[in-house]
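Visitor: fold the following.
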Amino acid sequence: MSQTQETTIPTVTLNNGVQIPQLGFGVFQVPEEDTQRIVEDALEAGYRHIDTAAAYRNEAGVGAAIAASGIPREEIFVTTKLRNGEQGLVYEAFQDSRTALNLDYVDLYLIHWPVPSQGLFTGAWKAMENLYGDGLTRAIGVSNFLEPHLDTLRASSDIIPAVNQIEIHPTFQQRDLVATSRSRGIAVEAYSPLGQGADLDSGAVRSLAAKHAVTPAQIVLAWHLSTGNIAIPKTSSADRMRENFEAAAIILTASELTAVNELEEGARIGADPATAAFTQF
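Guide: Below you'll find the model as predicted:
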């Protein structure tokens, strides 16, 4: 497990036995030229789970930070993702990511979006099963998959996704999709876990932050961890990295969790996976 001082990050055991740190660090929209420095700061703060993607165009910076850190490779959990426009070129896309990261293997490889209009994600999944079988990735999963996409995958594949990474934050909780994923043995990972900052202004979150003498972000992250979500907050501030990391030490009561649960508004921030069709090139 990852730890800094007295804070220990719990792990979630995926359906193939691989353990993933429940609190990770995301690099979405981190500029390529800043990525190495920011990821080095995150590793210094104690994070041992880094989430990137080919579409973010910063895999090389992630890899450089890992190499510079001196931390043993097996202690860092690395996720990257397949671009939408490369669902028909999985092997080549994976090799490009692995080269950029300068890693022999990745820990988790995800289909970034289903893009149902392409009709390619089931074939992409089959190719990813081969990558997994060859030991090039320790686990495979999906991102932004709704229940119909999970149904299609289940009907045409041999391996159940280890993870479904989806938008989740207090005002957009996707409870039905979370329940469906978990009922199938798929761990749920939350991106935009703080609602890109918007959810930190709610009265309930601010009240709990004052009560616990912590930040609103720490309250929301503690809520994610308490409800079983894997979460990957992003920040460029080393101070906020450390603050977010310390959220793992916060224990919320059942009534406090309910207060955050009641913030649900159906307020999606990102694209709708049912119709999203961008290529990410």
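
Visitor: how about the helices in the stretch 1-150 of the chain?
Guide: 32-45, 59-69, 90-101, 121-133, 147-156 (DSSP state H, counting those that start in this stretch).

Visitor: give me whichever of those helices is most buried.
Guide: Neighbour counts (mean count of other CB atoms under 10 Å) averaged over each of these peak at helix 59-69, with a mean of 21. No exception for glycine: its C-beta is placed from N, CA and C like everyone else's.

Visitor: report the distance from that helix to the chain centre.
Guide: Distance of helix 59-69 from its chain centroid, counting by CA atoms, centre = their mean, to the nearest Å, is 18 Å.

Visitor: and stretch 26-38, by the same measure?
Guide: Worked out by CA atoms, centre = their mean, stretch 26-38 lies 15 Å from the chain centre.

Visitor: stretch 204-213 now?
Guide: Distance of stretch 204-213 from the chain centroid (CA atoms, centre = their mean) equals 25 Å.

Visitor: now that stretch: mean pLDDT?
Guide: Averaging pLDDT along stretch 204-213 yields 98.

Visitor: likewise for stretch 119-128?
Guide: 98.

Visitor: residue at max distance from the center of the chain?
Guide: Computed with CA atoms, centre = their mean, the residue of the chain farthest from its C-alpha average is residue 211, at 28.6 Å.

Visitor: and that one, how far is that from residue 218?
Guide: Note on residue 211: its distance to residue 218, by CB to CB, to the nearest Å, is 12 Å.

Visitor: just residue 107 next, same as before
Guide: 26 Å.

Visitor: what of residue 61?
Guide: Counting by CB to CB - residue 61 and residue 218 are separated by 27 Å.

Visitor: isn't residue 268 right up against residue 167?
Guide: Yes: between residue 268 and residue 167 there is a contact at 6.4 Å, judged by CB atoms under 8 Å.

Visitor: which residue, other than its chain neighbours, is closest to residue 11?
Guide: Counting by CB to CB, 6 or more residues apart in numbering, the nearest residue to residue 11 once its immediate chain neighbours are dropped is residue 19, at 4.2 Å.

Visitor: right, and the one you found touches residue 12 too?
Guide: Yes: counting by CB under 8 Å, residue 12 is a contact partner of residue 19 at 7.0 Å.

Visitor: tell me which of these two has more neighbours.
Guide: Between residue 19 and residue 12, counting by other CB atoms under 10 Å, residue 12 is the more crowded of the two (18 against 14).

Visitor: show me what the more buried one is bridged to.
Guide: residue 20 (DSSP bridges).

Visitor: ok, it to residue 265 distance?
Guide: The value you get for residue 12 to residue 265, if CB to CB is used, is 27 Å.

Visitor: hang on, the residue farthest from the centre of the chain is in a helix, isn't it?
Guide: Yes: using DSSP: H, G, I helix; E, B strand; the rest coil, the assignment for residue 211 is a helix.

Visitor: I'd like to know how far it sits from residue 180.
Guide: Per CB to CB, residue 211 is found 33 Å from residue 180.

Visitor: do the same with residue 62
Guide: The separation that residue 62 has from residue 180, given CB to CB, amounts to 31 Å.

Visitor: residue 119 too?
Guide: Taking CB to CB, one finds residue 119 at 22 Å from residue 180.

Visitor: of these two, which one has the most company?
Guide: When neighbours are counted by other CB under 10 Å, residue 180 comes out ahead of the other of residue 119 and residue 180, with 17 against 10.

Visitor: low-confidence bits of this structure, can you list those?
Guide: Scanning the chain for pLDDT under 70 picks out 1-6.

Visitor: okay, strands next: where are they in it?
Guide: 3-4, 7-8, 11-13, 19-21, 25-26, 49-51, 77-82, 108-111, 140-143, 163-167, 187-191, 230-231 (DSSP state E).

Visitor: export the ones you listed to a markdown table and tack on distance to residue 156?
Guide: What follows is these, written out as a markdown table (distance: least, CB to CB, whole Å):
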| stretch | distance to residue 156 |
| --- | --- |
| strand 3-4 | 41 |
| strand 7-8 | 40 |
| strand 11-13 | 26 |
| strand 19-21 | 25 |
| strand 25-26 | 30 |
| strand 49-51 | 27 |
| strand 77-82 | 17 |
| strand 108-111 | 13 |
| strand 140-143 | 13 |
| strand 163-167 | 17 |
| strand 187-191 | 21 |
| strand 230-231 | 26 |
